[in-house]
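Peer 1: Need coordinates for the below:
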Amino acid sequence: MILSSLVVISGLILPSFCFAQTGVEVPSTFGEAKDFIIRLVKPLPNIMKDIWQNEVLPFWRQMAEKVSNWWKTSVLPWLKSIFSTLKSWFNEAVDWFSGIWYETIKPWISNLLDKIKGLLGQEITERKPVIEQEFEKEKQEMKQEIPEVSKGLWQKLKELFK
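Peer 2: Modelled structure (predicted):
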């Protein structure tokens, strides 16, 4: 109840006290009201320009300078240290893996490939004459089949367009 009465007093009564100031008269005609409004509105652009140039812009320039200084002194060094740490971790991981690769994995794979080459090399030398004979047979068969296939294909194309 007390709160609502304070709201009513501050919302309805207090604004009317602005007319109690000296030097401001309530206009009695429309002409006087027009003059009164013009006197109130006419200085507004200059007031806004003054506020913008003398209060708003300096405030935002100061804020931009503070943010820039904060970025340069706090954030960039922090980011540089993080990226430097990540880079060193990555380099250590690469060194560790390359050590494992060259000491353990590569010799094992090399040995395995050498054994496979040895087995395959021996098998290839044993089967090479047989493979060459089979290849020649296949080549001769293909030479004989190509003319027959091409004729059959040509005949099929002719039948399609009839």
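Peer 1: Low-confidence ranges, the protein, go.
Peer 2: When residues are selected by pLDDT under 70, those of the chain lie in 1-25, 147-154, 162.
Peer 1: max-length helix in it?
Peer 2: The helix that spans the most residues within the chain, counting by DSSP state H, is helix 106-161.
Peer 1: So K87 versus K72, what's the distance?
Peer 2: Distance of K87 to K72, given as Cβ to Cβ, to the nearest Å: 21 Å. From N, CA and C alone the C-beta is placed, and that goes for glycine too.
Peer 1: Report the separation between L76 and Q155.
Peer 2: According to Cβ to Cβ, L76 stands 79 Å off from Q155.
Peer 1: tell me, how many neighbours does W101 end up with?
Peer 2: Using other Cβ atoms under 10 Å, the number of residues around W101 comes to 12.
Peer 1: The one 10 residues further on now?
Peer 2: Other residues within reach of N111 by the criterion other Cβ under 10 Å amount to 10.
Peer 1: can you pull the contacts of it?
Peer 2: With contacts taken as Cβ atoms under 8 Å, 6 or more residues apart in numbering, N111 has no neighbouring residues.
Peer 1: Tell me the spacing between it and K117.
Peer 2: In this view, N111 and K117 are 11 Å apart by Cβ to Cβ.
Peer 1: do the same with T29
Peer 2: 114 Å.
Peer 1: now swap in G99 and tell me
Peer 2: Note on G99: its distance to K117, by Cβ to Cβ, is 27 Å.
Peer 1: swap in W60?
Peer 2: According to Cβ to Cβ, W60 stands 74 Å off from K117.
Peer 1: Does the residue of the chain positioned farthest from its centre fall in a helix, a strand, or a coil region?
Peer 2: Relative to the mean C-alpha coordinate of the chain, counting by Cα atoms, centre = their mean, the farthest residue is S28 (65.0 Å). Under DSSP: H, G, I helix; E, B strand; the rest coil, the three-state class of S28 is coil.
Peer 1: which residues does it contact?
Peer 2: Contacts for S28 were tallied using Cβ under 8 Å, 6+ apart; there are none.
Peer 1: and it, backbone torsions?
Peer 2: Listed backbone geometry of S28 is phi -100, psi -20, with angles given as degrees, to the nearest 10.
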